[in-house]
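Undergrad: quick one, structure for this:
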Amino acid sequence: MRTGEPLPSLEDVLAALATGLWHWDTAAGLVTVDAEAARLLGLPAEPVTLTEAQARARLHPVDWNEITGVVPLAVAEGTLAEVRIRVMDEQGNILRVVRSRSKPSYDPERQAYELIGTLQEVTEPAPGTPAGRSAVTGDWRRSREAFLLDAGRALAEARSTAEVLRVAGGLSMPGFSPDGLVVFGAEGDQLTITGQHGHEPADMNPFSNMPLTTDYPAAEVARTGRAVYLSSPEEYKERYPVTWPLARPFGRRSWAFLPLTVAGRTMGAWMAGFTYPVAFTPDERAVLTTVARMLAQALSRAGAAEEERELTEGLQRSMLPSLGPEIPGLRVAARYIPTGGGLQVGGDWYDMIPLPSGRYALVVGDVQGHDVRAAGLMGQLRIALRAYASEGHRPDAVLSRASRFLHGITHDAQDDDTPDQPADLRFATCVYAEVCPATGMLEIARAGHPDPAIRMADGTVMVRPTAGGLPLGIDPDADYPTTRFALEPGETVVLCTDGLIETGGHDMESGWHRLRAILKEHDDNHAEDQGGDPDLESLADALVQGVHGPSSHHTTGPLADRREDDIALVLLNRPQEGTVRPAVRRTLLSVAQDEPDRIAEARRHLRELLHDWASPEQVDAAVLLVSEMVTNVLVHTDTDALLLAEVTGEPGARRLRVEVTDAGDDLPHRRRPGELASSGRGLMLIELLADAWGVDPRGEGKSIWFALYESGGASEEEPGDASGDESQGAGEGVA
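TA: This is a model prediction of the structure:
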């Protein structure tokens with residue numbers, strides 16, 4: 001072409017370069033192409049207007065989806081939309097690969113995009129070659145897709161802000177990995193640093209607490225919500241001369257600052273710095289934008305989870321007091337474990353209350369549910385219990401008042417405030433134990449709660465039956481009888497909620513078997529002194545770990561749903577005096593006239609006491625005799641029966657002594673009943689099965705006792721032995 005000659009027409013230039021033109025109006029849904037563009041699309045080489053469906057049918061489905069994704073991004077950033085397109089024939093074969101470059105615009109009134117661009121055929125390079133890693137073609141694109149999938153999965157699994165930042169710092173982007181990352185947050189009118197990777201912490205001080213009005217790329221991104229790409233130091237210096245001296249010492253060549261946006265709100269900015277020049281092609285920008293969106297979502301989730309955990313833990317800490325001052329002569333340990341899911345707050349609690357009498361009250365309770373309402377009711381009920389106990393009321397009176405209080409704040413409030421709303425009535429179970437430090441005497445009142453358990457000095461574990469009433473809040477006039485017994489030196493009482501028993505799919509029975517095994521097998525090497533007293537802290541940890549730790553998944557119960565619940569646990573131990581482990585195993589149980597069903601509890605209680613007795617026949621005989629003796633009291637007197645059982649001596653040569661005491665004045669005597677008689681065989685059974693027995697008059701009432709020797713015979717005669725003496729048989733026969 002000679003100087004001064006007119007330039008050739010645009011159509012001639014494009015035809016010479018084998019480049020076609022196309023125009024797409026999304027409002028009209030039409031795509032117009034010239035002759036060269038039509039040829040590249042596999043159509044006759046003449047201008048034509050296609051519908052979106054017709055144009056889409058000529059392209060690979062994946063590439064069409066990429067076009068629709070790149071266009072909004074290019075409009076938002078004011079850049080070109082550049083994509084690689086595979087043209088397909090009617091049989092689904094790839095005819096050629098073309099590159100599309102366009103300048104999209106958006107019309108807010110029509111809510112539509114309009115694009116004018118070019119199509120040019122490109123050669124598909126071989127995988128693995130440098131050309132194969134170019135920005136718009138080759139296996140780099142496939143690597144990018146795999147990278148985004150992996151990055152999305154890793155960020156979705158992060159559970160804390162620190163973990164999200166650690167994952168972001170380890171991302172290796174295909175072809176252009178940054179060497180430094182910084183996550184900025186916006187608090188008020190200041191730019192803060194949430195986390196960073198690839199820098200020394202002190203190096204970031206100039207960028208911390210920077211005003212959002214500062215001429216700095218991250219501040220601009222946080223203000224406007226639009227990304228900033230700086231491909232060279234010269235561009236950085238030209239656009240941000242004020243803060244360029246702060247960035248220059250890091251020696252980087254390119255920077256990308258992207259908004260962290262969640263639900264339309266910009267929560268901060270993400271900076272990716274590179275030590276080599278990066279052109280930030282549309283594909284590279286698409287990768288960075290996608291990562292920024294995933295990072296923003298992950299940070300938002302992690303921040304919300306951390307705030308929720310902090311809120312719930314603070315709420316629970318404020319409602320669960322520490323054990324406070326030590327109880328003189330006794331040791332206490334406690335644990336609270338919230339349920340594993342949800343808000344991690346619930347209705348379980350424990351408390352220790354100093355009483356005006358010098359005694360102490362231990363409380364373990366469980367409000368129905370493990371949600372915010374349960375936690376709120378728990379806090380109110382705990383305060384009410386402390387108030388009633390501090391007034392000096394006895395255990396039964398404390399629970400009666402607490403039941404009336406809970407009934408009032410649930411039932412009455414429901415009736416008065418929200419009569420048209422569905423009822424959300426709650427109840428609570430509770431065990432209240434008042435302990436005397438000097439004697440170890442316990443007075444226990446129970447409201448629908450699991451019975452306490454006793455771990456004796458020799459490791460024997462027994463569920464201690466106690467009288468109980470309805471759960472709190474059901475009946476405002478409910479009664480709560482009190483059970484009184486002494487905690488012997490070396491014994492530990494276990495108070496817990498049903499979450500400790502039933503966690504892991506167990507029911508009450510199988511859960512107690514599991515707890516009993518943990519209590520029995522607790523390593524005595526954890527003992528704090530030579531006396532053999534268990535280390536309560538390690539015992540509490542062992543109980544929680546056994547039902548709530550990894551090992552619990554190998555000992556699941558019969559319930560397939562693996563029910564989970566909060567756990568509250570209190571251990572109270574009475575240390576032994578001296579360094580010798582006592583050889584006495586003792587239990588005490590009362591059976592009232594109106595509680596004949598507790599005879600079965602007495603039989604079960606005795607079997608637990610004799611769990612390691614050498615002779616099963618002797619155990620059966622002892623259980624039969626206890627049943628006979630307690631039944632005799634209930635049938636032939638108008639008083640209650642008090643059962644005391646003691647095991648003394650070393651294993652293999654122990655003695656069992658069982659005594660049943662009542663307030664009746666008549667003494668039993670032997671009779672010879674006829675074959676059809678329904679009573680009168682009690683003393684005959686005792687004489688036949690016991691190694692020794694007797695009847696002892698008391699100031700008020702009497703006691704009948706028997707003894708069994710593990711070796712099979714008496715080693716010495718019991719005081720008051722009546723095995724051959726009929727002089728005491730002056731009363732009613734034993735039933």
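Undergrad: what does stretch 294-312 rub up against?
TA: 151-152, 155-156, 158-161, 163-164, 167-168, 183, 194, 259-262, 267-268, 270, 338, 343-345 (C-beta atoms under 8 Å, 6 or more residues apart in numbering). Placement of C-beta: from N, CA and C, glycine included.
Undergrad: what comes up buried for that stretch?
TA: Neighbour counts over stretch 294-312 (16 or more other C-beta atoms under 10 Å) mark 294, 295, 296, 297, 298, 299, 300, 301, 302, 303, 312 as buried.
Undergrad: what pLDDT, on average, does that stretch get?
TA: For stretch 294-312, the per-residue pLDDT values average out at 80.
Undergrad: now swap in stretch 461-474 and tell me
TA: The pLDDT scores in stretch 461-474 average 90.
Undergrad: ok so, going back, buried among the contacts of stretch 294-312? Need that as a selection in ChimeraX.
TA: The ChimeraX command for the buried members of the contacts of stretch 294-312 (criterion: 16+ other C-beta under 10 Å) is given here:
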select :151,152,155,158,161,164,167,168,183,194,259,260,261,262,267,268,270,338,343,344,345
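Undergrad: from the buried residues of stretch 294-312, which is closest to residue 19?
TA: When those are compared for distance to residue 19 (C-beta to C-beta), residue 294 wins out at 36.2 Å.
Undergrad: helix or strand: which one has residue 226?
TA: Secondary structure from DSSP states H and E places residue 226 outside every helix and strand.
Undergrad: tell me who's in contact with it.
TA: Taking C-beta under 8 Å, 6+ apart as the contact definition, residue 226 lies against 76, 77, 220, 259.
Undergrad: drop anything exposed from these.
TA: 77, 220, 259.
Undergrad: neighbours of the nearest residue to the second one once chain neighbours are set aside, how many?
TA: In this case it means residue 220. Excluding the flanking residues, the one nearest residue 220 by C-beta to C-beta, 6 or more residues apart in numbering is residue 228, at 6.2 Å. Residues near residue 228, counting by other C-beta atoms under 10 Å, number 21.
Undergrad: isn't residue 602 right next to residue 589, touching?
TA: Yes: assessed by C-beta atoms under 8 Å, residue 602 is found in contact with residue 589 at 5.6 Å.
Undergrad: what sits in contact with each of those two?
TA: With C-beta under 8 Å, 6+ apart, residue 602 and residue 589 have common neighbours residue 643.
Undergrad: with neighbour numbers in mind, choose between the two.
TA: Using other C-beta under 10 Å, the more surrounded residue of residue 602 and residue 589 is residue 602, with 25 against 22.
Undergrad: pLDDT at that one, what is it?
TA: Looking at residue 602, its pLDDT is 88.
Undergrad: now swap in residue 720 and tell me
TA: Looking at residue 720, its pLDDT is 45.
Undergrad: helix, strand or coil for residue 166?
TA: Under DSSP: H, G, I helix; E, B strand; the rest coil, residue 166 falls in the helix class.
Undergrad: same deal with residue 643?
TA: strand.
Undergrad: that one is in contact with residue 589, isn't it?
TA: Yes: counting by C-beta under 8 Å, residue 643 sits close enough to residue 589 to count as a contact (4.6 Å).
Undergrad: so what sits against both of these two?
TA: Common contact partners of residue 643 and residue 589 (C-beta under 8 Å, 6+ apart): 602, 605.
Undergrad: isn't there a strand covering residue 432?
TA: Yes: under three-state DSSP, residue 432 sits within a strand.
Undergrad: number of nearby residues for it?
TA: Residue 432 has 29 nearby residues by other C-beta under 10 Å.
Undergrad: how close does it get to residue 355?
TA: The gap separating residue 432 from residue 355 is 11 Å, by C-beta to C-beta, to the nearest Å.
Undergrad: same check, this time on residue 298
TA: Separation of residue 298 from residue 355 (C-beta to C-beta): 52 Å.
Undergrad: what residues does residue 277 make contact with?
TA: Shown in contact with residue 277 (C-beta under 8 Å, 6+ apart): 231, 232, 253, 254.
Undergrad: in three-state terms, label it for me.
TA: coil.
Undergrad: so which helix or strand takes in residue 659?
TA: Assigned by DSSP H and E, residue 659 belongs to strand 655-662.
Undergrad: next helix or strand past the lengthiest helix in the chain?
TA: Counting residues, the longest helix found in the chain (DSSP state H) is helix 282-319. Following helix 282-319 in sequence order, the next helix or strand is strand 331-337 (DSSP H and E).
Undergrad: residues touching that next one, excluding its own?
TA: 316, 320, 323, 326, 348-350, 352, 362, 499, 533, 536-537, 539-541, 543-544, 548, 566-573, 575.
Undergrad: list only buried entries from the residues you listed.
TA: Listed as buried from those are 316, 320, 348-350, 352, 362, 499, 533, 536, 539-540, 543-544, 548, 566-573, 575; burial here means 16+ other C-beta under 10 Å.
Undergrad: how about the secondary structure of residue 148?
TA: The local conformation at residue 148, judged by three-state DSSP, is helix.
Undergrad: out of the buried ones among the contacts of strand 331-337, which sit inside helices?
TA: Secondary structure assignment by DSSP H places 316, 499, 536, 539, 540, 543, 544, 548 of those in helices.
Undergrad: same list, those, but as TSV with pLDDT please.
TA: As requested, these are exported to TSV (pLDDT from 0 to 100):
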residue	pLDDT
316	62
499	86
536	89
539	92
540	91
543	90
544	88
548	74
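Undergrad: what's the farthest-apart pair in these?
TA: Spanning the widest gap among these are 316 and 539, at 22.9 Å by C-beta to C-beta.
Undergrad: which positions within the longest strand along the chain qualify as buried?
TA: Taking DSSP state E as the criterion, the chain has its longest strand at strand 94-107. Applying a neighbour-count criterion of 16+ other C-beta under 10 Å, one finds 96, 97, 98, 99, 100, 102, 104 buried in strand 94-107.
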